[in-house]
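Visitor: Below is the structure, and that's it, no one-letter string:
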């Protein structure tokens, strides 16, 4: 609000002042008071009420400046109304109205939050229930090494990967309740992810090369295995002839890098900046029934675990995704 806007709201007051000046001037003229005295009194009166309005304007602006600072300093900005105190009758009435509105809004938000929590809990329970029959199917197929069993195993791997995406997406808002940071070797993380995709890797004739996985990192095992699993699953989905995956560890000055590289269809160079966007599939994957959620969830989880994830845009073919685990930064991951 600038000063002109303030004055517009004070137009009724200004009109009253002008009427008052006019009446006083007429009375003064009837009593033969010299014009110079009348002009002097009008000038003094005008200066006084002009100063009053200017001071009032500055007072209001300072008040809202303090309000803005108070809001910026609050973590939970919706508690702002609880910290206000009224100074006059009108402000008291407005605060009462705003408090009722705020209370109603908080009730709606809490109701919505409870609904989301109930739905998320249901999704998590349902997914865990689905995993049980999948495990039973895999066990049956392991005991029957026929062609049909092999095809069934491939399908259950895909189903398992999709429900894992749904499970981790449901958990991501409250993942701090479900992860445990500890020291673990890259080799163990990579091997766990490879085993989850073993059927599809064998079926599609993948060769896998693992290099320099002797390093250890501080991270959550379950969530990090899911991230690596998604990257390997992407390499399987976007494969070409004679598919190959190279998983390599490397020590950097600021952390430990784990790179996952394949010789598949890769990404268009101009799409690299959008690969982690929600629902983005890219031109090359239009015929692969891609949901565009795998890398999106992977990126979100990496940020939560303080893992820097990036795509090597210099590759002319295939894809190379790097994960950098920070060293000497254990406290930030807790």
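Guide: That came through, no problem. Worth saying up front: this structure is predicted, and the values here are computed from it rather than measured.
Visitor: Secondary structure class of the closest residue to residue 302 other than its chain neighbours, three-state.
Guide: Nearest residue to residue 302 in three dimensions, chain neighbours excluded: residue 309, at 4.2 Å (Cβ to Cβ, 6 or more residues apart in numbering). For every residue, glycine as well, the C-beta is placed using N, CA and C. Look at residue 309: counting by DSSP: H, G, I helix; E, B strand; the rest coil, its state is strand.
Visitor: just checking, residue 309 touches residue 301?
Guide: No. Contact criterion Cβ atoms under 8 Å: residue 309 and residue 301 do not qualify, at 9.1 Å.
Visitor: Residue 260 should be in a strand, yeah?
Guide: Yes. Checked against three-state DSSP, residue 260 lies within a strand.
Visitor: for residue 169, what are its contacts?
Guide: 293, 297 (Cβ atoms under 8 Å, 6 or more residues apart in numbering).
Visitor: Would you mind measuring from it to residue 120?
Guide: 10 Å (Cβ to Cβ, to the nearest Å).
Visitor: likewise residue 172?
Guide: 10 Å.
Visitor: do residue 104 as well
Guide: Relative to residue 120, and taking Cβ to Cβ, residue 104 is found at 25 Å.
Visitor: all strands of this structure, in order?
Guide: 181-185, 207-211, 216-220, 244-251, 255-262, 308-311, 319-326 (DSSP state E).
Visitor: And the third one, how far out from the chain middle?
Guide: The reference is to strand 216-220. Here strand 216-220 is found 23 Å from its chain centre; the criterion is Cα atoms, centre = their mean, to the nearest Å.
Visitor: hmm, back to that, of all the strands of the chain, which one is nearest residue 16?
Guide: strand 308-311 (66.1 Å; Cβ to Cβ).
Visitor: List the pairing partners of the closest one within its sheet, with orientation.
Guide: Next to strand 308-311 in the sheet, as set by DSSP bridges, lie strand 319-326 (antiparallel).
Visitor: Pull the residues that contact the strand it pairs with.
Guide: With Cβ under 8 Å, 6+ apart, strand 319-326 has contacts from 217-219, 227-228, 231, 234-235, 238, 252, 254-262, 264, 266-267, 302, 306-312, 332-333.
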